[in-house]
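Chemist: Structure of the sequence below:
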Amino acid sequence: MRNLFLLSLFLLCNCESKQATLPVEFITPTKILDEVTFLASDEMQGRYFRSNEARIAAKHIAQTWKNAGLVLLPNQNSMYLPIDDLRAAPNVAAMLQGTGNEFVLITAHYDHLKPRRSGTDKIYNGADDNASGTAALLVIAEALSKLQTTPEASIVLVAFTGEEAGFAGSKHFANTAPIPMHRIRALINLDMISRGEQNTIFLEGAPDAPRISLAISNANEKIGLRIIKNKHPDWIHRSDQAPFLEQGVPSVFLSVEDHEDYHRVTDHTEKILPGLAAKTAQLSFLAAIDLAGGVP
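Modeler: Sure, this is the predicted structure:
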């Protein structure tokens, strides 16, 4: 009888342990903060897309994804996807491979601005813009690695270079199509996701992407964000989703309002809301799983 009691207790504890380690729960504010702290440090000099620091960031992204077990895109020999500008750091892309031949993309740009020439503070750290979105991609990779079943569509993470230089990286990706544009079910772009109100994120592009909007709404039943939809329709053309929309790819944009530190040297790590960024990353992860299909 005592042995039966101990077995029951073990099974109960084991069940509770599994409940405490759902894949989405690996996306935490602490992990977001750690990544932003590194990417937006003074040592990274703003991650200007033609800088050595941008290449360091690209290497960090690729290594994190490799450690999470993500694989190369089809017919690629590296996670680094160079663009036409030979001075630029590359796009970085990897995926959790699905059972089918379609794709769901979660994207963010990792570059920011080069240091200014004068002033006490010369470095555009870009903590919110867009170390926050890049951090989301890094912690989402770990969550993907914890999935117990394989989705139908491959879930692709792309960190774009040169967004601040006129979408250089995303334009190159969309125009050269390392994966066929017509096989992309959905794209969720994350650009500035860690400022403003504690629990509020803006969603643009929903009217033209109803399936993505539904997946985000379904995911938010678990996350509980205040999602403001379609308040700034012009935003849909202001970040890396724009070149994909031109190719007919269903795409949405998650962001916060412009703030007093936007494109200023004062966009520092201590001003971000790691909880908001983590919730937005969780939302994107769950929505991508829904859109990819095949995972209960």
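Chemist: any chance you could map the helices in the stretch 101-250 of the chain?
Modeler: 133-145, 168-176, 210-223, 242-246 (DSSP state H, counting those that start in this stretch).
Chemist: Show me what the following helix or strand past the shortest one is packed up against.
Modeler: Yep, that's helix 242-246 we're talking about. Toward the C-terminus, helix 242-246 is succeeded by strand 251-255 as the next helix or strand (DSSP states H and E). Here strand 251-255 is seen to pack against strand 184-190, strand 200-204, helix 210-223, helix 274-292 when contacts are counted using 3 or more C-beta pairs under 8 Å, 6 or more residues apart in numbering; DSSP states H and E. C-beta here means a position set from N, CA and C on the backbone, and glycine is covered the same way.
Chemist: quick one: strands adjacent to strand 251-255?
Modeler: strand 184-190 (parallel), strand 200-204 (antiparallel) (DSSP bridges).
Chemist: before we move on, back to that, okay if I get the helices and strands packed on strand 251-255 as JSON lines plus distance to Met79?
Modeler: Listed next are the helices and strands packed on strand 251-255 as JSON lines, based on distance: least, C-beta to C-beta, whole Å:
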{"stretch": "strand 184-190", "distance to Met79": "18"}
{"stretch": "strand 200-204", "distance to Met79": "28"}
{"stretch": "helix 210-223", "distance to Met79": "25"}
{"stretch": "helix 274-292", "distance to Met79": "18"}
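Chemist: What residues does the residue lying closest to Ile56 once chain neighbours are set aside make contact with?
Modeler: Using C-beta to C-beta, 6 or more residues apart in numbering and skipping the chain neighbours, the partner closest in space to Ile56 is Met44 (7.0 Å). Counting by C-beta atoms under 8 Å, 6 or more residues apart in numbering, Met44 makes contact with Phe38, Glu53, Ile56, Ala57, Asn125.
Chemist: contacting residues around the last one?
Modeler: Read it as Asn125. So, once contact is read as C-beta under 8 Å, 6+ apart, Asn125 ends up touching Ala40, Ser41, Asp42, Met44, Gly46, His112, Ala131, Val265, Asp267, His268, Thr269.
Chemist: do the same with the first one
Modeler: Phe38 makes contacts with Met44, His60, as judged by C-beta under 8 Å, 6+ apart.
Chemist: Please work out the average pLDDT along the helix or strand containing it.
Modeler: Taking DSSP H and E as the criterion, Phe38 maps to helix 29-39. Taken as a whole, helix 29-39 has a mean pLDDT of 98.
Chemist: now do stretch 274-286
Modeler: 98.
Chemist: now it: how far from the chain's centre is it?
Modeler: 9 Å (C-alpha atoms, centre = their mean, to the nearest Å).
Chemist: Spatially, which two of the contacts of Met44 are the most separated?
Modeler: Largest separation among the contacts of Met44 by C-beta to C-beta: Ile56 and Asn125, giving 14.5 Å.
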